[in-house]
Each structure stands twice: as C-alpha cells, then as structure tokens.
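Novice: could you work out the structure for the sequence below:
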Amino acid sequence: MDPYRRNELPETVRRYKAYTDQFEQWLIKTAIQREVEVAEIINTKAQKNKGKKGYRLAIGQQKQLVEAIASTNTPLNDTSGLLDLSDAIRSRKEVAEYHRFQNSEDDGHAYFNLNLEGFMTSLSRLVVPKMFRSEEPKEKSPVTYLLRFGGPDTVAEEQNERLKKMREEEDEDVEVEDDSQPRPVPVPPKKKNPDEQPMTEAETLLQTEHTLICFLYNYNRLRLVVRDTWDAYHNGEITAVTAGLVTDLVQSHLHQDVNAITEELELRPGELPILLHTLQKKLNTPHDHPAQAADGIVEVHHVRYLFAYEGTYLFLRYHRKDAPPGPLDAEGKPHKHWASNWIHFYDLIRKSELKLPKWDHFTEEILMHPSPSRSYLPLGLQIILDVIDITNPDSRKLLFDLREHGLEVSNCIRLHIEFEDRMWANDNKPDYFTSEEVKFSNTYLATATHLLEWVQELIKSKTGPDGEQIMTAGVFVTLHATLAGMSMWHFNVSYQGAAIVKTQWFVNALAHLYNAARQIGGLDLEWPDLEFLIKTQGEKRIFQGDRPTSPDDFFSRFLLSSTAVSSRAFASDYRHGNTKSQHMPNMSSSAQKNHGFIPDLPLEMKIREFYTTNSTDENRWIRRHAVFNYLHTKREESTPVADSKEVLTRLEDLRKAFKSFTTKISPPKPKKRKGKKSKPKVNKPDFWSQDETHADLLTTMRTELAANEVHNNFDYLSFYRRAFTLVMAIREKVLLGDRLRSLHATHVDEEKEPSNFTLICELFREMRIGEKTRAEKEDEEKGLGTQLSTKVVPVGQLGAVTDMIRDLIGREGGEELKRAQLRRDRDWEGLKAAYAAEEEKEAAVGGDVVLAAE
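Specialist: Residues are numbered from 1 along each chain as shown. Predicted coordinates for the structure are as follows:
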C-alpha cells in the first residue's frame, strides 16, 4: 500500500464528508430562514435521524433547496456554507484524481462533484461582491497553555461525559442518492493502451489478496516492534511508561492503517476480519503445485498467529452477544477463552463502576466506538494478547510497580505541602521567584486524593458467591500493561508539569549564581543535580548562549534569561528614547518562547499535545503526525541504534513467511513461448523493500523515551527544598550585607525588605568591571591581564557564596539524581531507605534545616 493511501487518503475522505455535512446543515438553516416549505419537511426528517452517522441529504433534496434559495434572489448574509462547499469540492477532487491515476475511478465522484459545482454556481450569484474583499490579516493572539490537574470529581465527570457519548451501532457511512433524479453522463475515462487487456476476475482477486498480505506484513512488523519493546521492559532496559506510550502509538497508527485499507478495498465495518479469515483458510489448504511447496512451508499455527486469529476469535465472541456457544471441553462444558473475563471487564467500565485515570487507544475505541471500529478492534486486541504473553512473568512486579509508583507520587506531593505549611506558619513563605503567590496545596490536593483512590482500587480483592476470585481493577490493569504504563505516565505528567512551571525561575537564578561561583568564585566542585538540570533544559535557554565567563556578562545574561528585557538594552550604543522612562525595552513574544524551562522535553511535549486533544477533534491526526515528524527529524540527525541479531532474525523469518504466502496464492508461472514475452499483470510484492518507516520511527521513539526516563523521574520540588535552604542562608549571611543593603536602599523604600531576586541582581550588577585603564589594555594585548580584575567589588561576598555551595554539594549535591535513578529502576526499597536516612539525619541535627537556618 502506497504511503498516500495509508496516511493521507483516509483523512481527506473524512474531511470531505465533514465539509459536506456542514454544508447540508447550512443549506437547511438558510432555506428555513427564507421560508422554503420543503426545508421544514427535510429538517423534520433530519432531526428524527439525528445522531445516526449514516443520514445524508440526497442529491435531489439538496438540489431542491439550492433552487429554492436561488429563486428568492436575496443576497446571502451568511456565506460560511459556501466555504464548506468549496472545501468539500476541493477534497473530493483530490480523491477523484488519486483514483484516476490508480485506474480505480468510478462514476460516483464525478457525479457528486458535478452536482456540487452546480450548487456553487447557483449560490454564488447571491453573494454581494464586497463579501469577497480580502480583509487585512489580523495578528494572532498569543496561545496560552494551561495545565489542568483534575481531582476525583473532575476525572469521574470526564469519564461519565465520555461514556454518555457512546454511540449505538451505527449505520453504514454511505452517500444517499436519489434515484428519481437523472444521473449526468459520466466523465469518459482516460484512454488506455489498446494492447492492454483488462484484468480478469481472478487477477482482480489476486491483487486484492496481495493488498491484504502487504497490510498484514506491515501489521506484523508493528507487532515485532511491540514485542521488542516489552522484551526491553522485561530485561529492565525501559520502564512500563515508555513501553506503554510506544504500544499505544502503535495502536493509533494501526487504526489509521485499517481505515486506509478499508477505504481502498471499499469494505464495510467489520468486513476486513472476514476477508482475512477467508485468506487464512486458503493458505492452510494443501499446495496444488510442487514448485510452490518447495518455496517454504509455514506451519498452520504460525499462519493463525500472523493472521491474528486469537484476537479476532475473542473479540467476535465478546462483541456478538448472540454468538453460538464455542467448542466443548473434555468435561462437556463450553470452552472459555482464558482472556474472556478480562475483556468482559470493559462492561463494568462502561457502567462507570471503575474510573480509569487515563484511557489508552484500544480502551477508547472499544468503549466509545465498538461498532465503527469493528475492523480495527480484533487486530488491536491481538496486540494486547501479545503483550500479556510477554509480561505474564512480570505481572506481579507490574502490579507492585503500579501501586508503589502511585504511593511515591503521592508522597512527593505530601512532603512539599507539609514543607509549605511549616514555612507559612513561620511567616516565611517559599519564594519561587514568580509574580503571583504560589501554594501547591491548591494544585495538588485533588490530584493526591485521586491518586490514593486509584491505589485503593488496585489493591481491592473480590470473591464471587462460590468463593472464587473475581476480576478486579488491579488484575485488569496488570494484564493490560499498556494501560498500566499510561496510568503511571498520566500521574507523572500531572505532578512534574506544575513543579517545573512553578520552580523554573528559582532554579534559573540558582544556576546563574552557581555559574558565577564556578567561573570566578573558586568553586572547584560540580553540583551533580544542578548540572543535570542545566544539561537537560539546555544551556542556551538558561544562560541565553554559552555559559558566561566574564563578570561583565553576569548581570546582563541573568536579566535576559529571567525577565522580558530585550538585549538591545545592553548594547553599548543604546539610548533611551524617553529620558524620563526608567523601563527597559521588552523582547518580542517569539523570543520569549526561548526563555525559562520547558515543562516537557521535545518528544514528551509532542506526545502530551497529542493526548490532550479530544478524540473527536478533527486535528488530532495532525498531532499524531507531528510526533512522527519529530521522530523522523531526530532519526536523520542521529545515528540509529543497530538492531540486535535476534531482532534481525525475527524480521528475516517474517519476510520469508509472507513470501511463502504470496507464492501459495499466486498461479504458477506460464511456460515461455518463443518470440513472446509474457508479463504478469499482478506482480508479487517484495517484502525486503517494503516501506518500514513507521516501524523504524517507533523504535527511535522507544530509544529517546528511554534516554529521558531519569529526567522524567527527577523531583523538582524536592530539589527546590534543598536549594531554598541554601538561598535563605546566602540571603542572611551574604546578600543582606551592609553594602548591598545600602545599594538597594537608594532605589527602594528602606523599610521594605528586598526580594531574593533583587539581591541577586545587585550582586551581579556589582560584579561588573569598570572601564579599563591604558595599562590594563596594553597588558591584555600582550596576553596578560587574564586574572580577575581588582575592580570586581563583591569578591568577598562571592567567596562566601562559594563556600556555602561547596558545603551543600559535599553533603547532598547528587541526592536527587540518585533518587531519580532509583525511581527509574523501580527500586522502591532503595528509595525508602534513602528517605529514612535523610529523616535520621534531620532528626540528628534537630529538625528541619530551613527552620534552623531562620
């Protein structure tokens, strides 16, 4: 299947149907406003069939409405419907042109396009010319992203709202035609080569089977990616969060592939599994030709595996409530699939008896769109069964990790809220270097409550009337490892997103202070935790370029990175336009985007944008494409990791298996005739040259997510608490010295205490070196004068700051990085030991270090 058909065509078809629907609604509305009698009848029928996707206005009905509207000769006030009509025509022409190049055109698209263009001609006469004048482009307002952290009520309401929108079994999505209206003469097809003979029925069937086999190859290639991903989880190379995100994106991409082949073969919902089952039975029959048998034989059970037989069987048994009973076991009872209890647990979720923190793609489709997604769900279910097979030895560990991860996030929230409460009680509110007052209890209490309720659901156990164990949420989520990984990712994002946003300016100022101590203060130790954050967030974001080494640059770089001040204010030839104004010029809004920390790393940001869009959003497929586009760019910029020998062997076996399938269904080669070359009309696909771009990109996704796992487990708030202790000590012992206090008093009311941000600014301002003398300039030209100038006034203060930073680094400079590694490794016992050791240390020194410093 070509990339356009797989990636672009389904979305184009969906868009032109949406545009057509919007035009029909506008048409009815406009006709009712003009008191067209037939409009009321059509509107009544439309309201009666509201909610059924299969309802469409017939072409004849549309024509009646258009003619009635045009006969009024009254200019149109609302022309939005014409824009939708124009978009529908453009999209339909694109689809028709594609089919024309593929020699698969029919009369349908030409029929609809001809009528829609006629409607456009008739209605355009009612448009006043001034309406087509182009308006001046308006400047787009800046987009503000808000992080929403829902508690138990909001999450429950969201799930209930989504479950209310569950549709009943939908009619087939087809265009309704009016047979009473004469059809126009179809557009004549393009001229074909007279020597070219049309394909026979057998050749058409063979081409369809080759298309199905190519689709199945791509599907099984994705299954290999999923298997390799969860094997990496089993070996401890990645976490369940990374594996869950990769698998869920595989499911979303698979759904797109299913839609593409359904559109290509013009299948009804649920017809694809039937065709695959028919093809599978054909492949299981004995070979008719010895030459084909010699090409390679694939075992029957392996054929069933490659055709997703188990997933198809289980889903049909679940979806068809009136399905006949399955085969009997040795005791004469109907055979029950081992995963039937698991899939029937979705009925409890549908009844809102369980509130999931996050839905994966398969869960969303089976709950929201079980009928339209009948072609995708069996194949998606097979991937889940594959994951269950791989993670079965780790099921207890996965449940334990899921529970401990929830408790750990809840514990991180509790520790910081208690810290804030103590500080507020002592009238020493934490300073986050933000303009507004921040209190995390307002943000996190609801999230922590939801987290604890989710953990309680995971540890519940239920017994039936006969004493047997009943499927619980813990067992369900553990078997559905993708959902487990998505749940942990959801709580991770909820906690870390707000933590980074609220602490970024404090950590930014600390990084500049630390850099000054490293450059000219004599600090000879690296701060592992802070160096990790600088490297992860990027030096160019924090320092607005490379790390400044000259005292002349400390003040300007700090203001540039921490405020909206433009770099023009620090130019040597800059002059204030208004001498009375003390305000510096601001940078542009586009430049401000490169300031401050990013709440997510680039790949994680693309993923979060994809998942924060509603499933019914027309642009959601664009967000998914943005993820793959980023991965494509990343793969080109870096050297891809070579696949292991085991992975290459699996891929080679897969290609050989599908080659044997095409050999089995293809007729034997005809004997060559002298003087005549026979070229087959249907060529066998070459599986060694198939497009495997998405499989490679998903592997790149797994590699980058694995590299970011330590950062995604880094506790910014815990690091803030350690650094805040240091900053408060620096404030009292260094920054509030007599000289800096007097400098501040000349600008601000002497009775008002200067903020920490202001004191750091004054420190950097005083570090600037004055104009050099002639002797100093001559020494610099000779290569001398590289030592620190004696004109740097606060050398003593910076030395004191260096000593305090050195002391903190020696005691706990790498503690947060160590704990992040423990969380990534799921070493919960080691993490608890680290917490206990710190509590003992605090108890030994007499309580909280921050309060003691006061």
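Novice: now the phi/psi pair for residue 97, please.
Specialist: Main-chain dihedrals, residue 97, degrees, to the nearest 10: phi -70, psi -40.
Novice: run a quick neighbour tally on it.
Specialist: 12 (other C-beta atoms under 10 Å). Where you see a C-beta, it was placed from the backbone N, CA and C, and this is true even at glycine.
Novice: same question for residue 804.
Specialist: 16.
Novice: got the buried residues for the helix or strand where it lies?
Specialist: Residue 804 belongs to helix 795-812 when assigned by DSSP states H and E. For helix 795-812, burial by neighbour count (16 or more other C-beta atoms under 10 Å) applies to 795, 797, 798, 800, 801, 802, 804, 805, 806, 808, 809.
Novice: can you add pLDDT and distance to residue 274 and give those residues back as a markdown table?
Specialist: A markdown table is the format used below for the buried residues of helix 795-812 (pLDDT from 0 to 100; distance: C-beta to C-beta, whole Å):
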| residue | pLDDT | distance to residue 274 |
| --- | --- | --- |
| 795 | 72 | 82 |
| 797 | 83 | 79 |
| 798 | 87 | 77 |
| 800 | 90 | 79 |
| 801 | 92 | 74 |
| 802 | 93 | 74 |
| 804 | 94 | 73 |
| 805 | 95 | 70 |
| 806 | 95 | 72 |
| 808 | 95 | 68 |
| 809 | 95 | 67 |
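Novice: how near is residue 732 to residue 406?
Specialist: Separation of residue 732 from residue 406 (C-beta to C-beta, to the nearest Å): 39 Å.
Novice: same drill for those two, tell me which one is more crowded.
Specialist: Between residue 732 and residue 406, counted using other C-beta under 10 Å, the more crowded position is residue 406 (23 against 11).
Novice: ramachandran coordinates for residue 690?
Specialist: According to degrees, to the nearest 10, residue 690 has phi -70, psi 150.
Novice: pretty sure it sits against residue 217.
Specialist: Yes: if you go by C-beta atoms under 8 Å, residue 690 and residue 217 touch, sitting 6.3 Å apart.
Novice: so between the two, which is more surrounded?
Specialist: Each of residue 690 and residue 217 has its neighbours counted (other C-beta under 10 Å); residue 217 has more, 22 against 16.
Novice: so that one touches residue 687, yeah?
Specialist: Yes: taking contacts as C-beta under 8 Å, residue 217 lies within contact range of residue 687: 5.7 Å.
Novice: pull up the overlap in contacts between these two.
Specialist: Shared contacts of residue 217 and residue 687, defined by C-beta atoms under 8 Å, 6 or more residues apart in numbering, comprise 654, 655, 658.
Novice: tell me which of those fall in helices.
Specialist: Residues from these lying in helices, with DSSP state H as the criterion: 654, 655, 658.
Novice: may I ask which of those has the most neighbours?
Specialist: When neighbours are counted by other C-beta under 10 Å, residue 658 leads these with 21 neighbours.
Novice: show the contacting residues for it.
Specialist: By C-beta under 8 Å, 6+ apart, the contact set of residue 658 is 213, 216, 217, 220, 306, 687.
Novice: for the fourth one, which residues are in contact?
Specialist: Residues in contact with residue 220, defined by C-beta under 8 Å, 6+ apart, are 306, 654, 658.
Novice: so where does it fall, helix or strand?
Specialist: Residue 220 belongs to helix 201-234 when assigned by DSSP H and E.
Novice: how far off centre is that helix?
Specialist: 24 Å (C-alpha atoms, centre = their mean, to the nearest Å).
Novice: buried sites along it?
Specialist: For helix 201-234, a neighbour-count test (16+ other C-beta under 10 Å) marks 206, 209-234 as buried.
Novice: cool, and stretch 521-540?
Specialist: Within stretch 521-540, the residues that qualify as buried by neighbour count (16+ other C-beta under 10 Å) are 521, 523, 527, 528, 529, 530, 531, 532, 533, 534, 537.
Novice: how long is that stretch end to end?
Specialist: End-to-end distance of stretch 521-540: 22 Å, with C-alpha to C-alpha, to the nearest Å as the criterion.
Novice: that's a helix at residue 626, yeah?
Specialist: Yes: using DSSP: H, G, I helix; E, B strand; the rest coil, the assignment for residue 626 is a helix.
Novice: low-confidence regions, the stretch 101-250 of the chain specifically.
Specialist: Along the stretch 101-250 of the chain, the parts satisfying pLDDT under 70 run over 102-107, 128-197.
Novice: mind running it again at 80?
Specialist: 101-110, 127-199 (pLDDT under 80).
Novice: with the stretch 401-550 of the chain instead?
Specialist: Scanning the stretch 401-550 of the chain for pLDDT under 80 picks out the ranges 435-436, 445-446, 461-470.
Novice: now the helices: where do they sit in it?
Specialist: Taking DSSP state H, counting those that start in this stretch as the criterion, the stretch 401-550 of the chain contains helices spanning 441-459, 473-479, 481-519, 528-537, 539-543.
Novice: any chance of these in a markdown table, with distance to residue 762 too?
Specialist: Output for those, formatted as a markdown table (distance: least, C-beta to C-beta, whole Å):
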| stretch | distance to residue 762 |
| --- | --- |
| helix 441-459 | 32 |
| helix 473-479 | 54 |
| helix 481-519 | 12 |
| helix 528-537 | 22 |
| helix 539-543 | 20 |
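Novice: ok so, going back, ok, which pair from the contacts of residue 658 is furthest apart?
Specialist: 306 and 687 (12.4 Å; C-beta to C-beta).
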